[in-house]
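Engineer: below are the sequence and a predicted model for it; my questions follow.
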Amino acid sequence: MSASLVRRGLELLEAPGRGKVPSGAQRGLSGPRAARRRRRVPGPDRNKATVKGRVVKSAIEEYHKKKAVNHLRENLQYMLKGRLVANKAVTEQVLAQNRGRKSKDQPEKKVAKKKPEGTVFTEEDFRKFEREYFGRP
């Protein structure tokens, strides 16, 4: 940020009752040179720009222009608006095309879970075995 923009911002934030000290008295200069310099120094109300049609920008306006904007709400609405889901076969085909040849790029093989096999023997068989082996009625 340039010194002129900082100065302009400070002028905007300055208390309204305070008078400005003349530039010659501020520097402690006296004599004919000081009067010449005082005449040349433009006041705060005059435009300091030398290029025709140029406007001095306020520091506060520049800050508001460059301030970050939160786009969360618009993005959420955009994302929730479309509920189109592609066909599973098409998505698998696209993923297969974009997959590399390295083993780390390959998907893990899905192992089918084995269902626990039921016992061959029934409760009746266990009772019969108990009677025969242990001799209980």
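Structural biologist: Perfect, I can see it now. Source: prediction; values computed, not measured.
Engineer: mind checking which helix or strand the most centrally placed residue in the chain is in?
Structural biologist: Residue closest to the average C-alpha location in the chain (Cα atoms, centre = their mean): Asn70, at 8.1 Å. Using DSSP states H and E, Asn70 falls within no helix or strand.
Engineer: quick one: it from Glu117, how far?
Structural biologist: 58 Å (Cβ to Cβ, to the nearest Å). C-beta here means a position set from N, CA and C on the backbone, and glycine is covered the same way.
Engineer: so what's the backbone phi/psi at Lys102?
Structural biologist: Backbone torsions of Lys102, given as degrees, to the nearest 10, read phi -70, psi 160.
Engineer: neighbours of it, how many?
Structural biologist: As a burial measure, Lys102 scores 7 neighbours (other Cβ atoms under 10 Å).
Engineer: now do the same for Ala86: its pLDDT.
Structural biologist: In the prediction, the pLDDT value recorded for Ala86 is 84.
Engineer: the one 4 residues further on now?
Structural biologist: Val90 is assigned a pLDDT of 92 by the prediction.
Engineer: ok, now Glu124?
Structural biologist: 91.
Engineer: Glu74 too?
Structural biologist: pLDDT, Glu74: 93.
Engineer: give me the residues contacting the helix or strand harbouring it.
Structural biologist: Secondary structure from DSSP H and E places Glu74 in helix 72-81. Taking Cβ atoms under 8 Å, 6 or more residues apart in numbering as the criterion, no residue outside helix 72-81 touches it.
Engineer: could you point out which element follows it?
Structural biologist: Assigned by DSSP H and E, the successor of helix 72-81 is helix 88-98.
Engineer: what's that following helix packed up against?
Structural biologist: With contacts defined as 3 or more Cβ pairs under 8 Å, 6 or more residues apart in numbering; DSSP states H and E, helix 88-98 has no helix or strand neighbours.
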